[in-house]
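[1] prediction below, plus the sequence it came from.
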Amino acid sequence: MYAISLGDDRAELRPLEPWHAEEFLAHLDRGREFIGQFIPFGSQATDPTSARDTLRRYAEMRAADTASYHGIWLDGQLVGGVLTLNFDAEQGNCEVGCWLEPAATGRGLITRAMRVLIDWAVEQRGIHRVEWIAAAGNTASLNVARRLGMTPEGVRRAAHPYRGVRHDLEVWSILAPEWREARERAPHSDH
């Protein structure tokens, strides 16, 4: 399918499909605790079959045009990804999210991949409103929303029970005209 370069550091954005199950599982195992600090992302993928099932669910949602997974490969190894959720082209709304294993942090990979994903959503699919929702303590995630030019809209207090704690969720968004404006003034460095 596609492989979109994310810069000159041998990083690419590619589809993440069910046939990537073993690679996806190995990636999750390398970063499971780090990735799962604030969300249960990948927690149900604990063996090749359940990893394939997770990827298959997203493939089915992609086919239904309601969500999608896109992997980030660095030097040929899956290290993270970006996704759409609650994708509603008819209403022009979607949510985006991301994950990354610890060895790949600090390189701007998520910011660069998210720019590709949001640009596709806005320019190709006509999405008008893109949301970013993250636990208030997830500073790295909130910093990406900030770098993307998103606006904080509010806090959903104690809305996310996870690991025995109720976390506040911050809601950020960017509208299509703001995205185009932010894209024009985006810095060259994504760190």
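    It's in.

[2] which residues of the chain score low on pLDDT?
    1, 186-191 (pLDDT under 70).

[3] let's see that with 80 instead.
    1-2, 8-9, 185-191 (pLDDT under 80).

[4] what segments of the chain are helices?
    Per DSSP state H, the chain carries helices over the ranges 21-35, 48-63, 109-119, 139-147, 176-184.

[5] tell me the helices and strands packed up against the third one.
    Think helix 109-119. Applying 3 or more C-beta pairs under 8 Å, 6 or more residues apart in numbering; DSSP states H and E, one finds that helix 109-119 contacts strand 11-15, strand 68-74, strand 77-88, strand 93-100, helix 139-147, helix 176-184. Where C-beta positions appear, they are placed from N, C-alpha and C, glycine not excepted.

[6] dump the ones you listed into JSON lines; add mean neighbour count and distance to residue 37 as well.
    Output for the helices and strands packed on helix 109-119, formatted as JSON lines (neighbours: other C-beta atoms under 10 Å; distance: least, C-beta to C-beta, whole Å):
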{"stretch": "strand 11-15", "mean neighbour count": "19", "distance to residue 37": "23"}
{"stretch": "strand 68-74", "mean neighbour count": "23", "distance to residue 37": "18"}
{"stretch": "strand 77-88", "mean neighbour count": "20", "distance to residue 37": "14"}
{"stretch": "strand 93-100", "mean neighbour count": "22", "distance to residue 37": "10"}
{"stretch": "helix 139-147", "mean neighbour count": "18", "distance to residue 37": "9"}
{"stretch": "helix 176-184", "mean neighbour count": "15", "distance to residue 37": "27"}
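
[7] residue 134 against residue 141, yeah?
    Yes - between residue 134 and residue 141 there is a contact at 4.0 Å, judged by C-beta atoms under 8 Å.

[8] and the gap between residue 96 and residue 185?
    Distance of residue 96 to residue 185, computed by C-beta to C-beta, to the nearest Å: 20 Å.

[9] circling back: hey, what's in contact with both of residue 134 and residue 141?
    Common contacts of residue 134 and residue 141 (C-beta atoms under 8 Å, 6 or more residues apart in numbering): residue 38.

[10] so who does the nearest residue to residue 79 once chain neighbours are set aside touch?
    Distances taken as C-beta to C-beta, 6 or more residues apart in numbering place residue 104 nearest to residue 79, at 3.8 Å, with adjacent residues excluded. Contacts for residue 104 (C-beta under 8 Å, 6+ apart) come out as 72, 74, 79-80.
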